[in-house]
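Undergrad: Generate coordinates for the sequence data below:
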Amino acid sequence: MNITIVGTGYVGLVTGTTLAEIGNSVYCVDIDEKKVEAMKNGVVPIYEPGLEEMFLRNIQAERIFFTTDLKEALEKSEVIFLALPTPPGEDGSADLSYVLKVANDIGDLMTEYKVIVNKSTVPVGTADKVRDTIAAKTDIPFDVVSNPEFLREGFAVEDCMNPSRVIIGSTSEKARNIMAKLYQPFTNIGVPIINMDERSSELTKYAANSFLAVKITFMNEIANFCEKVGADVDLVRLGMGSDDRIGHRFLFPGIGYGGSCFPKDVKALLNSGKQEGYDFQLLDATENINKTQKVILVPELEKYFGGNLQGKKIAVWGLAFKANTDDIREASSLDNIKLLLEKGAQVVAYDTIAEENVRKILGDKITYAKDMYSALEGADALLIATEWPEFKNPNFSLMAQKMINKAIFDGRNMFPLELPEQNNFFYKSIGRKLVTQ
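TA: Below you'll find the predicted structure:
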């Protein structure tokens, strides 16, 4: 099939590349001319494991193309995916201006039947708005489908190629049949297609992400309580996760959730509830708890230094909101760095993947290390903010040589407790016994 993807962010580029991988001709549209030119030359604008190899392979096979010309791409494709940003406004509402602008342009340019697919995460009723926007510009028949993505950054290629389910939100039998044909390579190997109406599909995405945010937050609450009563959250987590009604995933405690999805989607659902006169009390509590959880280790750092962080050099390992991505949106690292700087500390950070994005925000307010150990040179303490694999088995002897104080504040529970204990480190993690020197 011939497919157009409008928007080449995480969702658009990964979706487009994987659809090309299964044999489609994919036309990726973006308004950023420099970005489009770079992609034509084989430059992947985002970091995502497995993406670059697949991206280059499909360029060489001439199955994926890049353009700034929506009209050109529209003429060549029957299915048009909208993978556009829907950033939160000050009140948390999703900004649909990008989506509706493209819908308006499609209405002006369309010359034959198209299936317009909302891939962006959008509030309930957006499919209706897109339909009305296009219909106001043309009498040519078309259908609008809600087809939410369920991609985990760091595993997005894997999730695209091996989806757990495909949700098609449409009441049009013609559109459903076209989407079923597109996804046939996946349904042939047993992936279920779940058909539903557009509004149910739109809400499913928000409900899924918000539930996971609640699950993470509940585990963080349990972890905090473990510290009060002397329980070990790792054991509690294993016991809970063994119940197949709960499962093991998203039960890892830490310094809160971040990224491009959970914070934005919780806010958007809260805002949608307010617009309909409904109070999502659980989501409101989740958001407030997460704000506190993200910086829960800063008071512990203050306590370690007698209540004063002025002039203390704090090394930070990890800047991305999670491992295997360069995304720093709503990253806990940034909340911690901001608060540490406010309290007079100096910060030296290490994260080669996310460093460039952080420089755009923080500039020279912090120092950037070339490797994880040079970040520790003369450091008064280490704060771990991202669970990068390279941090899992460090050289504790080398760490001790470089640091002024052998003190680790671990926001991702990277080490079994016996490791820092055997190496005579002060070690504060989340929901587990405090290891003292």
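Undergrad: Domain boundaries for this protein, per the record?
TA: 2-194, 205-292, 295-428 (automatic domain parsing).
Undergrad: okay, these in JSON lines with mean neighbour count and distance to residue 435 next?
TA: All C-beta atoms are positioned from the backbone trio N, CA, C, and that covers glycine. As requested, those are exported to JSON lines (neighbours: other C-beta atoms under 10 Å; distance: least, C-beta to C-beta, whole Å):
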{"stretch": "domain 2-194", "mean neighbour count": "18", "distance to residue 435": "29"}
{"stretch": "domain 205-292", "mean neighbour count": "17", "distance to residue 435": "12"}
{"stretch": "domain 295-428", "mean neighbour count": "19", "distance to residue 435": "4"}
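Undergrad: how about TSV for these, with mean pLDDT added?
TA: Formatted as TSV, these follow (pLDDT from 0 to 100):
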stretch	mean pLDDT
domain 2-194	95
domain 205-292	96
domain 295-428	97
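Undergrad: want to try CSV for these, with distance to residue 436 as columns?
TA: Putting the domains of the chain into CSV (distance: least, C-beta to C-beta, whole Å) gives the following:
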stretch, distance to residue 436
domain 2-194, 34
domain 205-292, 14
domain 295-428, 6
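Undergrad: Looking at the ones you listed, spot the one closest to residue 437.
TA: domain 295-428 (5.2 Å; C-beta to C-beta).
Undergrad: tell me how far the ends of that closest one are from each other?
TA: From the first residue to the last, domain 295-428 extends over 13 Å; the measure is C-alpha to C-alpha, to the nearest Å.
Undergrad: quick one: that domain to chain centroid distance?
TA: Computed by C-alpha atoms, centre = their mean, to the nearest Å, the chain-centroid distance of domain 295-428 equals 21 Å.
Undergrad: go on, stretch 198-217?
TA: Taking C-alpha atoms, centre = their mean, the mean C-alpha location of stretch 198-217 is offset from the chain mean by 14 Å.
Undergrad: Use 130 as the first number for this chain going forward.
TA: Okay, using 130 as the starting number, the last item reads as stretch 327-346.
Undergrad: now for the longest helix seen in the chain, which elements pack on it?
TA: Longest helix in the chain, counting residues (DSSP state H): helix 327-358. Judged by 3 or more C-beta pairs under 8 Å, 6 or more residues apart in numbering; DSSP states H and E, helix 327-358 is in contact with helix 255-264, strand 271-275, strand 295-298, helix 362-370, helix 391-404, helix 410-423.
Undergrad: mind listing the helices in the stretch 180-329 of the chain by residue range?
TA: 180-189, 199-205, 226-238, 255-264, 285-290, 302-311, 313-316, 327-358 (DSSP state H, counting those that start in this stretch).
Undergrad: So which residues of the stretch 430-566 of the chain form helices?
TA: Counting by DSSP H, counting those that start in this stretch, the helices of the stretch 430-566 of the chain are 461-471, 484-491, 525-531, 547-551.
Undergrad: Give me the contact list for the last one.
TA: It refers to helix 547-551. 525, 537, 555-556, 564 (C-beta atoms under 8 Å, 6 or more residues apart in numbering).
Undergrad: Distance to residue 368 added to the residues you listed, as a markdown table?
TA: Shown next, in a markdown table, are the contacts of helix 547-551 (distance: C-beta to C-beta, whole Å):
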| residue | distance to residue 368 |
| --- | --- |
| 525 | 30 |
| 537 | 26 |
| 555 | 28 |
| 556 | 23 |
| 564 | 22 |
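Undergrad: which one among those gets closest to residue 308?
TA: Using C-beta to C-beta, residue 537 comes nearest to residue 308 of these, at 49.6 Å.
Undergrad: who's the closest one bridged to?
TA: residue 511, residue 556 (DSSP bridges).
Undergrad: Next, give phi and psi for the residue lying closest to residue 352 once chain neighbours are set aside.
TA: Leaving aside its sequence neighbours, residue 352 sits nearest to residue 560 (C-beta to C-beta, 6 or more residues apart in numbering; 2.7 Å). Here is the backbone geometry of residue 560 (degrees, to the nearest 10): phi 80, psi 20.
Undergrad: quick one: which of the contacts of helix 547-551 is nearest to residue 498?
TA: Nearest to residue 498 among the contacts of helix 547-551, with distances taken as C-beta to C-beta, is residue 537, at 16.1 Å.
Undergrad: Can you tell me how far that closest one is from residue 256?
TA: Distance, residue 537 to residue 256, using C-beta to C-beta, to the nearest Å: 49 Å.
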